[in-house]
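1. Predicted model and sequence below, questions to follow.
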Amino acid sequence: MKKIYILLLSIAFTACAELTQIVQNLPLDIPLTEEEVANGLKEALRVGTDSASARLGVTNGYYGDELVKIMLPEEANIIVKNISKIPGGDKMIEDVIKSINRSAEDAAKEAGTVFWGAVKKMTIQDAFTILKGDTDAATQYLKANTYQELFKLYNPKIQSSLDKEIAAGISTNESWETLTSKWNKIADNPLGQMAGLKAVNVDLDHYLTEKALNGLFIKIAEEEKNIRQDPAARVNDILKRVFK
């Protein structure tokens, strides 16, 4: 009986060794199924959007990155030029800019759930269109399918952030209103009109929401390009096979 048991064990181990060798020798270029391609792209989008949101949703995520740093609206350039000439003017401008970027950083933390909702709805046809598309095809897909929802998510958060104090008893909104109202009084008086000055009437929270989302999609496009071009950025086997 003991000899039979030893023989069975020997056969079993031999079979396992042969099976292991067969598996190890399987070609790695077996064509992916359509479902695997779709899942791989969904994973790529999850990785890319999570990374982009995380990078922007920290202190100085926007403010410390010149590529996405949010500046005052173009209409305010003449205000900046003139207020910077008075004592403390530069600091006032910079405080407003910093608080604007802090508002965007606060909002960026919540983008992941919106992106993931759109990713889960991706069809196999969507996946192949993205795979064969431009280097920002996935980013454009996300933008088309999430922008309005992201705007609705970001806008109230930015409005709330704009109401936060940046100094004792002063919020970003109040700073902006002070900044623009003083300028508009000058621009609207007869002398200002003669000088060709124009009043500034910008919906600040709407402007900031658009700029914040533009910055977010810039970062997502960077992540997508990285995954497509850099093998080291493909964090699992299916990503490596989809984007080989």
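-> That came through, no problem.

2. Need phi/psi at I170.
-> phi -120, psi 130 (degrees, to the nearest 10).

3. What residues are bridge-paired with it?
-> Per DSSP bridges, the residues bridged to I170 are A167.

4. switch to numbering from 14
-> Noted, 14 is the first residue going forward, which turns the last one into I183.

5. How many neighbouring residues does it have?
-> Neighbours of I183 under the rule other Cβ atoms under 10 Å: 14. All C-beta atoms are positioned from the backbone trio N, CA, C, and that covers glycine.

6. Identify the residue spatially nearest to K156, adjacent ones excluded.
-> Spatial nearest neighbour of K156, chain neighbours left out: F230 (5.5 Å); criterion: Cβ to Cβ, 6 or more residues apart in numbering.

7. What's the mean pLDDT across the helix or strand hosting the one you found?
-> Here F230 sits within helix 217-242, counting by DSSP states H and E. Helix 217-242 carries an average pLDDT of 89.

8. Could I get the buried residue list for it?
-> Residues of helix 217-242 classed as buried: 217-218, 220-226, 228-238, 240-241 (neighbour count, 16 or more other Cβ atoms under 10 Å).

9. and the most centrally placed residue in the chain, what does it touch?
-> Among the residues of the chain, the one closest to the centroid is L229, at 3.0 Å (Cα atoms, centre = their mean). Going by Cβ atoms under 8 Å, 6 or more residues apart in numbering, L229 touches 65-66, 69, 81, 121, 124, 163.

10. And the furthest pair within those residues?
-> Checked with Cβ to Cβ, the contacts of L229 reach their widest spread between V81 and L163, with 14.9 Å between them.

11. mind listing the helices for the chain?
-> Along the chain, the segments classed as helices by DSSP state H run 15-37, 47-69, 90-96, 102-121, 124-133, 137-144, 150-175, 185-201, 203-207, 217-242, 250-255.

12. How much space separates D149 from E235?
-> 9 Å (Cβ to Cβ, to the nearest Å).

13. no no, S174
-> Distance from S174 to E235, by Cβ to Cβ: 24 Å.

14. next one: L217
-> Between L217 and E235 the distance is 27 Å, computed by Cβ to Cβ.

15. And L85, by the same measure?
-> 25 Å.

16. next one: D176
-> Counting by Cβ to Cβ, the gap from D176 to E235 is 31 Å.

17. again, but for V127
-> For V127 relative to E235 (Cβ to Cβ), the value is 19 Å.

18. Over to D216?
-> D216 is 29 Å from E235, by Cβ to Cβ.

19. How about A200?
-> In terms of Cβ to Cβ, A200 sits 39 Å off from E235.

20. Over to T193?
-> For T193, the distance to E235 - Cβ to Cβ - is 34 Å.

21. likewise A51?
-> For A51, the distance to E235 (Cβ to Cβ) stands at 23 Å.

22. Report the contact partners of N73.
-> Taking Cβ under 8 Å, 6+ apart, one finds 114, 118 in contact with N73.

23. now swap in L192 and tell me
-> By Cβ under 8 Å, 6+ apart, L192 lies in contact with 89, 92, 96, 105-106, 109.

24. cool, V81 as well?
-> 69, 75, 227-229, 231-232.

25. Same check on T126?
-> Counting by Cβ under 8 Å, 6+ apart, T126 makes contact with nothing.

26. Let me know the pLDDT of it.
-> The per-residue pLDDT reported for T126 equals 84.
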